[in-house]
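> Show me how the following folds:
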Amino acid sequence: MKNYISLMLFMFQAASASFAQDSLALKFVDGHELKLSGRAFNSNQNYHRLDSSDRKLLIPRVKELATNSAGLSISFTTDAKTISLQWRLARWLDQWNMTPLAVNGLDLYGLKDGKWSYVASARPTGLNNSAVLVKNLDGQMRDYRLYLPLYTEISEVGVGVPTNATINKSAPPANQKRVVIYGSSITQGASASRPGMAYPSIMARSQNIEVINLGFSGSGTMETEIVDVLAKIPADVYILDCVANPSPQMIKDRAYGFVKKLRTLRPNTPIIMVESIFRETGNWDSQIGARTTQQNMEFRNAYQRAMGDSDKNLHYIFSKDLIGNDHEATIDGTHLTDVGFMRLAEAIGEEVKKVIGK
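From the prediction side, this is the model:
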């Protein structure tokens, strides 16, 4: 009840300015009352990616990043002709190589003619935000999906529609597959232009699967504790996209044991190991280039060693062609633009299709 009252007060305060410009009466629905996807636990207290009991097992930086809402989405059906949004951030974050929209904002997709299509973005301006996302819709009952911020913690969100409109929680898709991805900042979403353009979310839309994004910026270093967290999440496939952060020596020391422990805990679930993209800065900085090559080599060695144990459900994706060869897929030589994410989603998505039999 306390959280509900807090949300209602927040919505009233944040709405007053925007509603003065629009006489349309709106009703707001708490995001927790709609369908929340992208995490494996239920809670109406937060929009964290991992439960508090799991977070306490992890190193401090991962524990903090797990409160970011990367990969989480809210799905609903409505016949509204206008969709508004109000949200509150626990903290505002600026990233020099990311847009404020991707870090602190949200974007909306709609299902039209059987395909998810971009609808609108919600511009963030501070800790308390409100926006009219879209007007003049056709009033047909449709499915919508709202992607939450990639790199900060969102504490409250409400979806607003006219009082005469219907809004309901989306029905769960029948027999939907689930993919869990563990990785680094690229997995988390750096540097997509908006939340829905992180590659795990692109894959989820294109294949109609649920993807749980466990990318931890700068901190995907294969600690053994994270394996226990991954294995607790039921999945049809696990993807290990975690080469970019650990040093070559760390990969040599940790990767094989990481894979073997996950296999022990999940003996029948496919695992896909993904090499690091080749950092564009490595085309010019020979030290960076050599480091990335060595990282991938150590990861490949771990894969070959695991395959020597007759693991028939282990798969591997090489770095070649993951983001193309035109050197135009990054924003800063490391992190991806939307072009890079589309290419990466396609490359990894093709292997996912083969593995889960799509």
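> Every contact and neighbour count from this point should use C-alpha atoms.
Will do.
> I figured residue 191 hits residue 336, correct?
Yes - the pair residue 191 / residue 336 is scored as a contact, 5.2 Å apart, by Cα atoms under 8 Å.
> okay, now the domains of this protein?
Using automatic domain parsing, the domains assigned to the chain come out as 2-169, 178-356.
> Can you tell me how far residue 187 is from residue 66?
Counting by Cα to Cα, to the nearest Å, the gap from residue 187 to residue 66 is 13 Å.
> Low-confidence regions, the stretch 251-358 of the chain specifically.
Scanning the stretch 251-358 of the chain for pLDDT under 70 picks out the ranges 358.
> re earlier: okay, and the common contacts of residue 187 and residue 66?
The contact sets of residue 187 and residue 66 overlap at 214, 216 (Cα atoms under 8 Å, 6 or more residues apart in numbering).
> end to end, how far does stretch 98-115 reach?
One end of stretch 98-115 sits 27 Å from the other (Cα to Cα).
> which stretches of the stretch 101-250 of the chain form helices?
With DSSP state H, counting those that start in this stretch as the criterion, the stretch 101-250 of the chain has helices at 185-188, 199-207, 224-232, 248-265.
> Which of the ones you listed sits closest to residue 117?
Of all these, helix 199-207 sits nearest to residue 117, with 9.2 Å by Cα to Cα.
> residues in contact with that closest one?
Helix 199-207 is contacted from outside by 71, 116, 181, 187, 189, 196, 209-213, 341-342, 344-346, 349, using Cα under 8 Å, 6+ apart.
> How about stretch 116-132?
For stretch 116-132, the surrounding residues in contact (Cα under 8 Å, 6+ apart) are 10, 14-15, 18, 82-92, 100-101, 104-111, 133-134, 194, 205-206.
> Could you check how many residues crowd around residue 189?
Using other Cα atoms under 10 Å, residue 189 is surrounded by 34 other residues.
> residues in contact with the residue nearest to the spatial centre of the chain?
The centre of the chain sits closest to residue 71, judged by Cα atoms, centre = their mean, with a distance of 2.3 Å. Applying Cα under 8 Å, 6+ apart, we find residue 71 in contact with 38, 147-148, 150, 188, 195-196, 198, 200-201, 211-213.
> Comparing the domains of the chain, which comes out most buried?
Among the domains of the chain, domain 178-356 has the highest mean neighbour count (mean count of other Cα atoms under 10 Å), at a mean of 20.
> mind checking how far it is from the chain centre?
Taking Cα atoms, centre = their mean, to the nearest Å, one finds domain 178-356 lying 13 Å from the centre of the chain it belongs to.
> End to end on that domain, go ahead and measure it.
10 Å.
> and residue 85, what element?
Element membership of residue 85 [criterion: DSSP states H and E] is strand 83-89.
> typo on my end, it should be residue 349
helix 338-356.
> Check which helices and strands that helix sits against.
Applying 3 or more Cα pairs under 8 Å, 6 or more residues apart in numbering; DSSP states H and E, we find helix 338-356 packed against helix 199-207, strand 237-241.
> Quick one: these as CSV, columns for distance to residue 48 and mean pLDDT too.
Conversion of these to CSV gives the following (distance: least, Cα to Cα, whole Å; pLDDT from 0 to 100):
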stretch, distance to residue 48, mean pLDDT
helix 199-207, 16, 98
strand 237-241, 20, 98
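> Mind putting these into JSON lines with distance to residue 291?
As requested, these are arranged in JSON lines below (distance: least, Cα to Cα, whole Å):
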{"stretch": "helix 199-207", "distance to residue 291": "24"}
{"stretch": "strand 237-241", "distance to residue 291": "17"}
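> do you know which of those lies nearest residue 294?
With Cα to Cα as the measure, strand 237-241 is the member of these nearest residue 294 (15.7 Å).
> Packing partners of that closest one?
Where contact means 3+ Cα pairs under 8 Å, 6+ apart, strand 237-241 is packed against strand 178-183, strand 271-274, helix 338-356.
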